[in-house]
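# A structural model of the following input is requested.
(one chain, ligands or ions: 1)
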Amino acid sequence: MESSDSLPASAQWLPDRAFQGQRALVTGGGTGLGLQISRGLAALGAHVTIVSRSEEHHAPFLEEARARGWSAGARVLDVRQDPDVRATMDGFVEEHGGIDLLVNNAAGNFVCPAERLSHNAWRSVLGIVLDGTFSCSKYAGRHMIAAGGGAMLNVVATYAWTGMPGVVHSASAKAGVLAMTRTLAAEWAQHGVRVNAIAPGPFHSDGAKGNLWPDPEVEERMRAKVPLGRFGNADEVAAQCLHLLSGASEYVTGECLVIDGGLSLAPGRMWEPGERLRRRRGAQGEA
Ligand code: HXC
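Have a look, this model is predicted:
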């Protein structure tokens, strides 16, 4: 175990061995938020296997794990392929003796007006986000149920319930995942399996930047709407994921934690904070 001053930022809020001996699988675990969750879990003692479609996404995590002495693995998997998901979960359990933690982080998204979205584009995003999350949950869930418990974490978005122009595919899929989170939480609580979700607002990640705010002007417009005044970072979103997966949240299931700097509380702000006060002072001739 490494010293706490060299822990990834996401891991600095939990005790050193918070996940010691636990076995975790993180989908999309080689990049962005998935990578920060994987790093945090591994730094706190879990074995972490990342899965993603692209082998080249495995390298950064595996190299860091080697350097830091973390227990890590990687498999190529497209979560849309249900039989492959089953084989991956079964193979993981055969190799490690069980699965304690599942993070359904793999996603696909891009901005496209609904009337122009092709069926294939709709199916691609629904397939990754909704079908993929269910396949992973089902096959990992079977093992967790047999073993008497486990914890799952799903990544949704606040537009699952607010809606948002341009992402009808992703919003519809994430709404389904939110319903799945609550349903599986209720269904599997009797087996000791907890299922929670997070709903991040905009945070810095390569996938989101390229697909959702490729343009600095769009990014600035979005940033200006966030009450806390900035986008989040992947490691601070990951820190909340680790908390929900950890023993600190043993009595939390079916919950969706919003991590958005307050954005969903003020979606279409009618005035800037302090604006009315500034105007009144201006009218009274105050500085
Ligand atoms: C319109 C598009 C498109 C775009 C792809 N398609 N990109 N349509 N606008 N920008 C269409 C293609 O033309 C094709 O339809 C269909 O989608 C499938 O595209 P493929 O590239 O063949 O599929 P695939 O290689 O499987 O890629 C899946 C993907 C891709 C979802 C399209 O974007 C992807 O893999 N993304 C993963 C990374 C990612 O997006 N991460 C962002 C997550 S961030 P046709 O009809 O031409 O065959 C996130 C956070 C949101 O979700 C929170 C915000 C607040």
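# which strands and helices sit next to the helix or strand encompassing Ile37?
Assignment of secondary structure by DSSP states H and E places Ile37 within helix 32-43. Here helix 32-43 touches strand 23-27, strand 47-52, helix 59-68, strand 101-104, helix 206-212, helix 234-245, going by 3 or more CB pairs under 8 Å, 6 or more residues apart in numbering; DSSP states H and E. Where you see a C-beta, it was placed from the backbone N, CA and C, and this is true even at glycine.
# among the ones you listed, which is nearest Ala140?
strand 101-104 (4.3 Å; CB to CB).
# Show me which residues of the stretch 51-200 of the chain are close to the ligand?
On the criterion CB under 6 Å from any ligand atom, the ligand has as its neighbours in the stretch 51-200 of the chain the residues Ala107, Gly108, Asn109, Phe110, Cys112, Ser118, Asn120, Ala121, Ser124, Val125, Ala157, Ser170.
# repeat that for 8 Å
Applying the criterion CB under 8 Å from any ligand atom, the portion of the stretch 51-200 of the chain that neighbours the ligand consists of 53, 78, 80, 106-112, 116-121, 123-125, 127-129, 155, 157-159, 164, 167, 170, 174, 200.
# Which residue is the nearest non-sequential neighbour of the residue of the stretch 51-200 of the chain found nearest the ligand?
The stretch 51-200 of the chain approaches the ligand most closely through Gly108 (2.5 Å), counting by CB to the nearest ligand atom. Excluding its sequence neighbours, the residue lying closest to Gly108 (CB to CB, 6 or more residues apart in numbering) is Ile128, at 4.2 Å.
# hang on, the one you found packs against Asn105?
No: taking contacts as CB atoms under 8 Å, Ile128 lies outside contact range of Asn105: 10.8 Å.
# which of those two has more neighbours?
Asn105 (28 against 23; other CB atoms under 10 Å).
# And the more buried one, how close does it get to Ser170?
Separation of Asn105 from Ser170 (CB to CB, to the nearest Å) stands at 14 Å.
# Make sure Asp82 is actually in contact with Thr133.
No: with contact taken as CB under 8 Å, Asp82 and Thr133 are classed as non-touching, separated by 11.9 Å.
# what about these two, which has more around it?
When neighbours are counted by other CB under 10 Å, Thr133 comes out ahead of the other of Asp82 and Thr133, with 29 against 15.
# List the contacts of that one.
Counting by CB atoms under 8 Å, 6 or more residues apart in numbering, Thr133 makes contact with Val79, Asn104, Asn154, Val177, Met180.
# any idea how far it is from Ile50?
According to CB to CB, Thr133 stands 16 Å off from Ile50.
# could you point out which element follows the lowest-mean-pLDDT helix or strand in the chain?
Of all the helices and strands that make up the chain, the one with the lowest confidence by mean pLDDT, DSSP states H and E is helix 206-212; it has a mean of 67. Toward the C-terminus, helix 206-212 is succeeded by helix 216-224 as the next helix or strand (DSSP H and E).
# Model confidence for the closest residue to Phe203 other than its chain neighbours, exactly?
Nearest in space to Phe203, with sequence neighbours left out and distances taken as CB to CB, 6+ apart, is Gly232 at 3.6 Å. Among the per-residue scores, Gly232 shows a pLDDT of 92.
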